[in-house]
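Enquirer: Just the structure for this:
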Amino acid sequence: MIPAPFTVALIQDGVAPTRGETLERTVTAIRSAHALGAQVICLKELFDAPYFCKTLDLERFNLAEPVPGPTVQRLSAVAAELAVVLIVPLYERQAAGVYRNSAVIIDADGTVQGAYRKMHIPHDPLFEEKYYFAPGESHDAVQPTGSRGPAGEAGGFMVWKTRYATIGVLICWDQWYPEAARITALLGADILFYPTAIGWHPAEKAEWGQAQVDAWRTAQRAHAIANGVFVAAVNRAGFEAEAGTDGIEFFGHSFVYDPFGRPLAEAGTDETVLMATCDPARIEETRRNWPFLRDRRVDAYEGILKRWIGLRND
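Expert: Presented below is the predicted three-dimensional model:
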């Protein structure tokens with residue numbers, strides 16, 4: 001039986017001067033999305049703080065909190081009140097010295113299903129994430145007491161069977177890896193969510209800005225087509241300064257693509273709540289006509305497990 005259509009909302013925004021203000025502003029945005037008919041609502045990467053990875057600073061480890069912690073408890077109550085599924089990306093403290101870039105999945109009854117931990121950790125100018133985050137690992141699902149946990153897990157990738165849809169969650173840098181999208185789709189996701197913090201270095205914007213946005217969209221549109229799933233990416237918006245740097249301009253442009261790669265909704269650079277209705281019948285239709293999963297040569301892909309293969313004489 002094909003599941004019923006579901007409506008998603010992506011909250012594309014920046015941050016307020018304090019974490020408390022950001023949290024309350026986010027609750028207001030969640031209520032607005034619910035009033036518009038949203039059933040599954042996704043926030044941006046590290047939603048409740050400025051993107052703190054622009055420089056190295058020991059004090060910023062203090063931004064992390066356990067799962068579940070105060071922020072998740074607050075949003076669990078909102079999810080239960082509104083009967084919405086929430087995807088809440090935040091900085092997780094797993095243990096002393098072990099911190100993760102995570103996304104907590106809260107079902108429509110307020111139950112914390114668990115969390116996905118970002119698998120691919122970048123190291124680039126102004127994106128110093130290897131300093132702050134340990135990568136996700138196999139069998140690494142966060143399962144608080146009383147949670148249902150993921151519906152499926154493979155090598156650290158997970159899907160979650162929520163009230164309205166079976167969802168997969170990947171985070172930002174994960175979006176460039178077809179292996180991550182493929183495995184999550186094979187686990188049975190109806191939709192892949194990518195909470196994101198991607199932006200322009202001001203000095204590079206004129207030369208590379210449009211090409212960067214195009215590449216970002218193209219990579220994730222390809223995930224939708226190759227796997228026959230919906231793909232939704234929610235990015236930050238607005239300029240964030242940082243002492244000693246030129247800062248980062250987070251460019252928004254959040255989107256939702258259907259399994260054929262067609263845009264269902266696209267945002268500009270301003271703060272917005274982006275809405276789209278996803279019909280799982282499109283997954284069935286697309287995969288019948290483009291049966292990429294059926295025709296995969298699973299017996300021939302051992303090479304993908306190597307970091308590099310090269311020529312025989314390399």
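
Enquirer: quick one: contacts for the nearest residue to residue 162 once chain neighbours are set aside?
Expert: Excluding its sequence neighbours, the residue lying closest to residue 162 (Cβ to Cβ, 6 or more residues apart in numbering) is residue 85, at 4.5 Å. Quick note: C-beta positions are derived from backbone N, CA and C, even for glycine. Neighbouring residues of residue 85 by Cβ atoms under 8 Å, 6 or more residues apart in numbering: 39-41, 79, 105-108, 162-165, 167.

Enquirer: Can you list the strands that the lowest-mean-pLDDT helix or strand in the chain pairs with?
Expert: In the chain, no helix or strand scores lower on mean pLDDT, DSSP states H and E than strand 152-154, which sits at a mean of 88. If you go by DSSP bridges, strand 152-154 pairs up with strand 157-161 (antiparallel).

Enquirer: could you give the mean pLDDT of the helix or strand just after the strand it pairs with?
Expert: Once strand 157-161 ends, the next helix or strand along the chain (criterion: DSSP states H and E) is strand 166-169. Averaging pLDDT along strand 166-169 gives 98.

Enquirer: Then stretch 98-113?
Expert: Stretch 98-113 comes out at a mean pLDDT of 97.

Enquirer: what's the offset of it from the middle of its chain?
Expert: Centroid displacement of stretch 98-113 relative to its chain, using Cα atoms, centre = their mean, to the nearest Å, is 12 Å.

Enquirer: Return that stretch as CSV; C-alpha atoms alone will do.
Expert: This file holds the C-alpha atoms of stretch 98-113, laid out as CSV (Å, rounded to 0.1, in the frame of the first residue of the first chain):
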residue,chain,number,x,y,z
VAL,A,98,33.2,13.7,22.3
TYR,A,99,31.0,16.1,20.4
ARG,A,100,28.8,15.5,17.4
ASN,A,101,27.0,17.5,14.7
SER,A,102,23.6,15.8,15.0
ALA,A,103,20.0,16.0,13.9
VAL,A,104,17.4,14.8,16.4
ILE,A,105,14.2,13.3,15.1
ILE,A,106,11.1,14.0,17.1
ASP,A,107,7.9,12.2,16.1
ALA,A,108,4.4,13.8,16.1
ASP,A,109,3.6,12.5,19.6
GLY,A,110,6.7,14.2,21.0
THR,A,111,8.7,11.0,21.2
VAL,A,112,12.4,11.5,20.6
GLN,A,113,13.1,8.8,18.0
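
Enquirer: that older thread, only the buried subset of the contacts of residue 85, as a PyMOL command please.
Expert: Restricted to buried positions by 16 or more other Cβ atoms under 10 Å, the PyMOL selection for these reads:
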select buried, resi 39+40+41+79+105+106+107+108+162+164+165+167
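
Enquirer: that older thread, go through the least confident helix or strand of the chain and flag the buried ones.
Expert: So, applying 16+ other Cβ under 10 Å, buried residues of strand 152-154: 152, 153.
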